[in-house]
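Chemist: need a 3D model of the sequence below.
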Amino acid sequence: MTVREQLQQIRRELAPAGVKLVAVSKAQPLATIREAYDAGQRAFGESRPQALRERVAQLPDDVEWHFIGHLQTNKVKLVVGPAHTIHSGDSLPLLRALNDEAGRRQHRQRCLLQVHIAREPTKFGFLPDALRRLSAEGFFTTLPYLQIAGLMGMATFTDDLTQIRSEFRSLRRLFDEMKQQAFSDHSAFSELSMGMSNDYGVAVEEGSTMVRIGTLLFTH
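Modeler: The predicted model follows:
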């Protein structure tokens with residue numbers, strides 16, 4: 001199928017639940033990304049800071065750019081501002097660096113907290129109990145230039161859908177808990193970013209509001 005046909009099929013699946021599709025454009029040639037743009041796609045995800053800056057210059061201003069990769073603190077200058085949403089707020093030093101850079105720009109940066117839910121040590125993110133502790137301590141009120149918009153998590157890369165569902169479900173419970181407690185007065189805390197090409201169906205069933213799909217969309 002063409003990129004347009006793939007987009008249409010995925011959108012039909014996501015539409016009933018009102019889930020946003022972030023097309024993972026990393027490593028894709030510009031012509032392929034333009035094909036998706038011409039088919040109506042507006043939210044794209046990049047995982048390298050320099051690539052994000054380059055894409056912003058190459059594509060129209062109405063593209064909504066999402067930064068979805070692991071971000072080093074010395075690269076925040078490349079991402080704060082150009083990124084509509086940073087999905088990978090995965091450590092205290094990074095959150096502080098993002099807040100400082102946004103403050104220097106007098107810009108409120110939208111950011112998700114990345115949670116480690118997988119049984120893989122190579123994945124990044126806060127442990128759930130660490131987020132609970134930070135919330136109880138009021139840490140997130142010390143980041144005035146960050147708009148904490150929700151949580152992001154990646155499930156274990158496995159064919160075991162029961163395990164994947166369990167991991168996504170645990171993230172949804174944590175999201176609900178934090179929404180009711182630390183972020184009860186923050187309407188912006190509304191996003192649950194989980195689900196990729198191999199598991200987005202389960203993610204949507206478990207409450208995802210945003211999926212990141214690349215391989216399924218761009219591989220023919």
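Chemist: what about R105, neighbour count?
Modeler: Other residues near R105 come to 13 when the count uses other CB atoms under 10 Å. Yep, even glycine has a C-beta here, placed from its N, CA and C like the rest.
Chemist: give me the pLDDT value at it.
Modeler: Note on R105: pLDDT of 97.
Chemist: next up, the contacts around the residue lying closest to it once chain neighbours are set aside.
Modeler: Closest residue to R105 apart from its sequence neighbours, by CB to CB, 6 or more residues apart in numbering: G81 at 5.8 Å. Contacts for G81 (CB atoms under 8 Å, 6 or more residues apart in numbering) come out as 102, 105, 107, 109.
Chemist: hmm, which of these are the buried ones?
Modeler: For the contacts of G81, a neighbour count by 16 or more other CB atoms under 10 Å gives the buried set as 102, 109.
Chemist: in helices, which of the contacts of G81 appear?
Modeler: 102, 105 (DSSP state H).
Chemist: what sits against I10?
Modeler: Applying CB under 8 Å, 6+ apart, we find I10 in contact with 21, 213, 216-217.
Chemist: please, which helix or strand holds it?
Modeler: Element membership for I10, per DSSP states H and E: helix 3-14.
Chemist: CA-only coordinates of that helix in CSV, if you can.
Modeler: Taking Å, rounded to 0.1, in the frame of the first residue of the first chain, the C-alpha atoms of helix 3-14 are listed here in CSV:
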residue,chain,number,x,y,z
VAL,A,3,1.7,5.9,2.5
ARG,A,4,-1.6,7.6,1.8
GLU,A,5,-3.4,4.2,1.9
GLN,A,6,-1.6,3.2,5.1
LEU,A,7,-2.5,6.4,6.7
GLN,A,8,-6.2,6.1,5.9
GLN,A,9,-6.3,2.5,7.3
ILE,A,10,-4.6,3.5,10.5
ARG,A,11,-6.7,6.6,11.0
ARG,A,12,-9.9,4.5,10.5
GLU,A,13,-8.7,2.3,13.4
LEU,A,14,-7.8,5.2,15.7
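Chemist: show me what the helix or strand containing C111 is packed against.
Modeler: Assigned by DSSP H and E, C111 belongs to strand 109-115. Counting contacts by 3 or more CB pairs under 8 Å, 6 or more residues apart in numbering; DSSP states H and E, strand 109-115 packs against strand 85-89, helix 92-105, helix 128-136, strand 146-153.
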